[in-house]
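Colleague: Sequence and predicted model, in that order:
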Amino acid sequence: MQETGSAALNDKPFAESCEQNRAPIIAVLREVFADCRRVLEIGSGTGQHAVYFAPELPHLVWQTADVPQHHAGIRRWLAEAALPNVLPPLALDVNDTAWHSGRYDAVFSANTLHIMGWPEVERFFAGVGAVLQAGGVLAVYGPFNYGGMYTSESNARFDAWLKARDPASGVRDFEAVDALARAQGLVLQQDIAMPANNRTLVWRMG
């Protein structure tokens, strides 16, 4: 389970969950993105992940992306970090197909699928299918259900909190998400247990 809220920190948006999960996530990305060169981060949020991951993956160009209302905060983090391999945020709404024109050999997204409605999750994978090159890698971090069951009581509580805030959101079933990925030609490579009852799912484009 991860919190999705953020607070201001020295005029920059701040999400405690990013501080908590960044070390376990980078341990996975160092391996799965080792041979990649250009990554699209869908849902860069505050920008904290980008400025932490990019120095740890200097061989990568890290493209931030989110809906425009988050761009100011992302730009503040990027301006302070002044990293040579992080690009300013693209306007990316999964409901819009404009971002389908890009080409990447890696896509990363954290704590996004449970915030979207299911039609948006479908569009997320359709977009990844459009931008990810053959042999490219998709890594998605967050909580998932298996066999229609919660993996922990905390995830069940988190799902109830999400649905109270937005009935269209919620912790997604792994099997349903993997079916969307397979429909785009993605083959599951790893399903990695992470702290706080999260997972990192890694697919490769065939």
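Modeller: Everything's here; your move. Numbers count the residues shown, from 1 in each chain.

Colleague: Where does the residue nearest to D11 when sequence neighbours are not counted fall, secondary structure wise?
Modeller: Leaving aside its chain neighbours, D11 sits nearest to R76 (6.5 Å; criterion: C-beta to C-beta, 6 or more residues apart in numbering). All C-beta atoms are positioned from the backbone trio N, CA, C, and that covers glycine. Using DSSP states H and E, R76 maps to helix 71-81.

Colleague: hmm, who's touching that helix?
Modeller: Contacts to helix 71-81, defined as C-beta atoms under 8 Å, 6 or more residues apart in numbering, come from residues 11-13, 44-48, 50-51, 54, 64, 66, 86, 88-89, 91.

Colleague: longest strand of the chain?
Modeller: strand 132-142 (DSSP state E).

Colleague: mind listing what that one pairs with, with the direction of each?
Modeller: The strands that strand 132-142 pairs with in its sheet are strand 104-110 (parallel), strand 198-205 (antiparallel) (by DSSP bridges).

Colleague: any chance you could map the helices in the protein?
Modeller: 16-32, 48-56, 71-81, 118-131, 153-165, 174-183 (DSSP state H).

Colleague: Which of these sits closest to N145?
Modeller: helix 174-183 (6.5 Å; C-beta to C-beta).

Colleague: So for the closest one, what gets flagged as buried?
Modeller: Residues of helix 174-183 classed as buried: F174, V177, D178, L180, A181 (neighbour count, 16 or more other C-beta atoms under 10 Å).

Colleague: How many residues are close by E153?
Modeller: Look at E153: counted by other C-beta atoms under 10 Å, it has 10 neighbours.

Colleague: Can you give me every residue that contacts it?
Modeller: E153 neighbours (C-beta under 8 Å, 6+ apart): none.

Colleague: Can you name the residues that contact G147?
Modeller: Contacts of G147 by C-beta under 8 Å, 6+ apart are E175.
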